[in-house]
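> Pasting the sequence and the predicted coordinates here, then a few questions.
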Amino acid sequence: MVTIRPATHADIPDILEFWRRAAENTDRQDDASKVTALIDHDPDALLVAELDGVLAGTVIAGWDGWRAHLYRLAVAPEFRRRGVGSALIAAAEKRFENFGAFRADAMVLRDNDLAHHAWKAAGYHAQPHWGRWVKTLG
Ligand SMILES: CC(C)(COP(=O)(O)OP(=O)(O)OC[C@H]1O[C@@H](n2cnc3c(N)ncnc32)[C@H](O)[C@@H]1OP(=O)(O)O)[C@@H](O)C(=O)NCCC(=O)NCCS
């Protein structure tokens with residue numbers, strides 16, 4: 001049985017370890033202070049899924065007051081294909097409904113086939129006419 005709840009400060013070490021083994025490989029630089037800042041800023045944004053009390057997945061359902069963004073969708077390899085990812089996306093979308101968000105988006109690597117399957121199954125599609133423009137700050 002999957003249960004989904006907002007992460008607390010006590011979850012942070014486990015989540016950081018979980019992301020190292022389960023999340024999409026990117027150029028991120030995670031540490032406890034950044035996750036603490038997220039939870040302090042929006043205590044309901046970082047959602048964790050548990051299967052029988054074991055951390056099985058995460059998603060960040062970020063609402064910035066304007067748009068709804070999804071980050072860090074990840075499910076432990078041993079718990080994949082059991083509906084945990086879908087349940088996390090559904091929980092994030094439910095949260096976005098409360099804000100009147102009309103659309104949600106996710107950053108997805110072009111060659112991440114696992115992610116493409118899961119996002120498509122949840123009703124998401126790529127927008128080939130958009131690209132990501134970035135600048136490293138600091
Ligand atoms: C992407 C990810 C979160 C999916 O999690 P999951 O719990 O396995 O997803 P679900 O079990 O809810 O699967 C939902 C649907 O997605 C599709 N799907 C998921 N994995 C699939 C696969 N390997 N092959 C084909 N379809 C797949 C299926 O339609 C599935 O429904 P079904 O099992 O009833 O057929 C997981 O694979 C993962 O953590 N990958 C590594 C991290 C990552 O890439 N995250 C995405 C960042 S954008």
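All right, it came through fine.
> list the helices and strands the helix or strand harbouring residue 88 packs on?
Secondary structure assignment for residue 88, by DSSP states H and E: helix 84-97. Under the contact definition 3 or more Cβ pairs under 8 Å, 6 or more residues apart in numbering; DSSP states H and E, helix 84-97 sits against strand 2-6, strand 46-51, strand 54-63, strand 68-75, strand 104-106, helix 113-121. Heads up, the C-betas are built off the backbone N, CA and C, glycines and all.
> For the third one, which strands pair with it and how are they oriented?
Looking back up the chat, that one is strand 54-63. Looking at strand 54-63 with DSSP bridges, its partner strands are strand 46-51 (antiparallel), strand 68-75 (antiparallel).
> The closest residue to the ligand within the chain - how many residues pack around it?
Ranked by Cβ to the nearest ligand atom, the top residue of the chain for proximity to the ligand is residue 85, at 2.5 Å. Using other Cβ atoms under 10 Å, the number of residues around residue 85 comes to 25.
> Contact partners for it?
Residues in contact with residue 85 (Cβ atoms under 8 Å, 6 or more residues apart in numbering) are 57, 73, 75, 118, 122.
> Pull up the per-residue confidence for it.
Looking at residue 85, its pLDDT stands at 98.
> what does the chain have sitting close to the ligand?
Neighbours of the ligand within the chain, by Cβ under 6 Å from any ligand atom: 22-24, 73-75, 80-86, 106, 108, 112, 114-115, 117-118, 121.
> Please indicate which of the residues you listed are buried?
Neighbour counting with 16 or more other Cβ atoms under 10 Å marks 22-24, 73-75, 80, 84-85, 106, 108, 115, 118 as buried within the residues of the chain next to the ligand.
> Could you provide the strands paired with strand 54-63 in JSON lines, with additional columns for distance to residue 96 and mean pLDDT?
Formatted as JSON lines, the strands paired with strand 54-63 follow (distance: least, Cβ to Cβ, whole Å; pLDDT from 0 to 100):
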{"stretch": "strand 46-51", "distance to residue 96": "12", "mean pLDDT": "98"}
{"stretch": "strand 68-75", "distance to residue 96": "4", "mean pLDDT": "98"}
